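J.: Generate a structure from the sequence data that follows.
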Amino acid sequence: MAMVSQHRSRSLLTRISNLDLTESNCSSHIGLKFMKQLKLKHTHSSNEFSHKTRVCARSKSLVLQRNCSMSKPVMTVTWEPVAPLGPNAAFHACALVGKTLYFHGGIQDASSSSVPSKQFFKLNLDTLLWEKVAAPGSPALSHHAAVVLENRYFTLIGGWNGKKRLASIYVYDTVENKWMEMTHQGFPSGAGLSSHTATLTTNGKVLVIGREGSLRTQRKHGNMYILSGSVASNQFIYTSYTNNIISRSGHTVNLIGNNLYILGGRSDMLFEKFVGIDYKKNSSCMLLDSIGKEINSSHQQHLEKLPCGRKHHISAATNDFILMHGGETFDGKAHAPVGDLFLITLKPITKFYQLHSSQLCRSGHACIVLPNRIFIHGGRSGKNVINSGLYELKITTS
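T.: Residues are numbered from 1 along each chain as shown. Okay, here's the model as predicted:
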């Protein structure tokens, strides 16, 4: 089926700050054309990396602030188990509808990593009790993405069905307890999506970011699509937004204000930023705000060189901070998922901090962010372990 696109909505993305950060895997971009679909606006004021930045001689790489503090951190961050008897799942999809978390699909057996599951569970946040959802028509998928439409429809986008990547859209109606497959158009014929992201915007449309590919090939550049439509019409349309982005797979995306942050999904260029996106403003997370404020007040030394590239990690965001955990690195040192936990401060300039953590090593896990709590579920650990537990982020200071 032919791709639906609007040529005038494609942007030319240009690097706004380099400052010899190639070794630090850092990239920042802006759009130079007005974007009709999401209103990407031209700006000249987004250079966050000051040209007055200096190097701290005692440290290993570039410092992204003027003063170098060697104070030790006073905060400890741990993942505590809260609901251990959930579904074994990695590379699965989850979303919150009301006070209920829904978890779908993924890989259940690390030795059969190409075989996706159709399992479907829900978790009541008040009782923290798991329940298997009995509804016919659940698709077998892994490496897919989920959003919630109209505060009712748990919507799955793309994924791997054991044979090929898909652009299909499946909807679970949480009121009527039934699955539906939607019709769709606009995505390149023979191509599909896996290890991509789907982000709901303010106008109810979904921003889909990932590299498309057939069973045997992957395009070398990335793609952004706008997915629009409704469950009532049983039809969704992919509209090409731009393909002038870096190719990524297994990345995360956060919309904060009108800025779009993309993390990981490749061996280099860990961090990308786009400005001028028409956004769904993130809900505030008091827990993450507390971590960020503690970091800012403790004078903890930030990283002078960005972490190595990684994929299949998770990230959580609030207005001024992004938390990143786990994943699989590309540095050749780790053949299993890592437990690294980083805080990224976004104002006044972007800085990365490594937090003390319990070193819960995971990749392909799911992240749930509430106004005052952050959870992760499942994921792969070691070489062959697929996990089932739900963990909650806790902080202590001393």
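J.: CA atoms for contacts and neighbours, from now on please.
T.: Fine.
J.: For the top strand by length along the chain, which strands pair with it and how are they oriented?
T.: Counting residues, the longest strand in the chain under DSSP state E turns out to be strand 235-246. Taking DSSP bridges as the criterion, strand 235-246 forms sheet pairs with strand 4-5 (parallel), strand 178-185 (parallel), strand 221-230 (antiparallel).
J.: closest to residue 97 out of those?
T.: Closest to residue 97 of those, according to Cα to Cα: strand 178-185, at 14.9 Å.
J.: Could I get the full set of helices for the protein?
T.: For the chain, applying DSSP state H gives helices covering 286-298.
J.: Now for it, the helix or strand with the poorest mean pLDDT.
T.: strand 13-15 (a mean of 33; mean pLDDT, DSSP states H and E).
J.: ok, for the residue positioned nearest the centre of the chain, nearest residue in space, not its chain neighbours?
T.: By Cα atoms, centre = their mean, the chain has its centre lying nearest to residue 252, at 2.3 Å. Using Cα to Cα, 6 or more residues apart in numbering and skipping residues adjacent in sequence, the residue nearest residue 252 is residue 263, 5.3 Å away.
J.: From residue 253, how far off is the one you found?
T.: Residue 263 sits 7 Å away from residue 253, going by Cα to Cα, to the nearest Å.
J.: Low-confidence ranges, this structure, go.
T.: Across the chain, residues meeting the criterion (pLDDT under 70) sit at 1-74, 213-221, 278-282, 333-334, 398.
J.: In the stretch 101-250 of the chain, what residue spans correspond to strands?
T.: Here the stretch 101-250 of the chain has its strands, by DSSP state E, counting those that start in this stretch, at 120-124, 129-132, 145-149, 153-160, 165-173, 178-185, 197-200, 206-210, 221-230, 235-246.
J.: For those, give me a markdown table that also has distance to residue 316.
T.: A markdown table is the format used below for the strands of the stretch 101-250 of the chain (distance: least, Cα to Cα, whole Å):
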| stretch | distance to residue 316 |
| --- | --- |
| strand 120-124 | 20 |
| strand 129-132 | 23 |
| strand 145-149 | 15 |
| strand 153-160 | 20 |
| strand 165-173 | 24 |
| strand 178-185 | 28 |
| strand 197-200 | 13 |
| strand 206-210 | 17 |
| strand 221-230 | 21 |
| strand 235-246 | 21 |
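J.: Can I get those strands in TSV including distance to residue 313 and mean neighbour count?
T.: Converted to TSV, those look like this (distance: least, Cα to Cα, whole Å; neighbours: other Cα atoms under 10 Å):
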stretch	distance to residue 313	mean neighbour count
strand 120-124	22	19
strand 129-132	24	15
strand 145-149	14	22
strand 153-160	17	24
strand 165-173	20	21
strand 178-185	29	17
strand 197-200	12	23
strand 206-210	15	24
strand 221-230	19	19
strand 235-246	18	20
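J.: between the ones you listed, which one is nearest to residue 288?
T.: It's strand 197-200; of the strands of the stretch 101-250 of the chain, that one is closest to residue 288 (Cα to Cα) at 19.9 Å.
J.: Quickly run through the sheet partners of that closest one, with directions.
T.: Under the rule (DSSP bridges), strand 197-200 has strand 206-210 (antiparallel) as partners.
J.: chain center to the strand it pairs with, what's the gap?
T.: In terms of Cα atoms, centre = their mean, to the nearest Å, the centre of strand 206-210 is found 11 Å from the chain centre.
J.: what angle separates it from strand 153-160?
T.: Compare the direction of strand 206-210 with that of strand 153-160 by axes from the mean of the first three to the mean of the last three Cα atoms, to 10 degrees and you get 20 degrees.
J.: who touches strand 206-210?
T.: For strand 206-210, contacts defined as Cα atoms under 8 Å, 6 or more residues apart in numbering pick out 193-201, 222-228, 247-249.
J.: do stretch 376-392 as well
T.: Here stretch 376-392 has contacts from 79-91, 107-111, 335-337, 361-368, 373-375, using Cα under 8 Å, 6+ apart.
J.: Figure out the length between the terminal residues of that stretch.
T.: End-to-end for stretch 376-392, by Cα to Cα: 7 Å.
J.: In it, which residues are buried?
T.: Neighbour-count burial for stretch 376-392, counted by 16 or more other Cα atoms under 10 Å, picks out 376-381, 385-392.
J.: Was I right to think residue 166 contacts residue 159?
T.: Yes - if you go by Cα atoms under 8 Å, residue 166 and residue 159 touch, sitting 5.5 Å apart.
J.: list residues touching both of the two?
T.: Both residue 166 and residue 159 are contacted by 192-194, under the criterion Cα under 8 Å, 6+ apart.
J.: Looking at the residues you listed, state which has the most neighbours.
T.: Tallying neighbours with other Cα atoms under 10 Å puts residue 193 at the head of the shared contacts of residue 166 and residue 159, with 28 neighbours.
J.: Quick check: beta-bridge partners of that one?
T.: residue 166.
J.: who touches it in this structure?
T.: So residue 193 contacts 144, 158-160, 165-167, 210-213 (Cα under 8 Å, 6+ apart).
J.: Would you tell me which one of those comes nearest to residue 300?
T.: For these, the nearest to residue 300 is residue 210 (34.5 Å; Cα to Cα).
J.: burial measure for the residue nearest to that closest one when sequence neighbours are not counted, as a count.
T.: Leaving aside its sequence neighbours, residue 210 sits nearest to residue 196 (Cα to Cα, 6+ apart; 4.5 Å). Residue neighbour count, defined by other Cα under 10 Å, stands at 24 for residue 196.
J.: Fine by me, we can end here.
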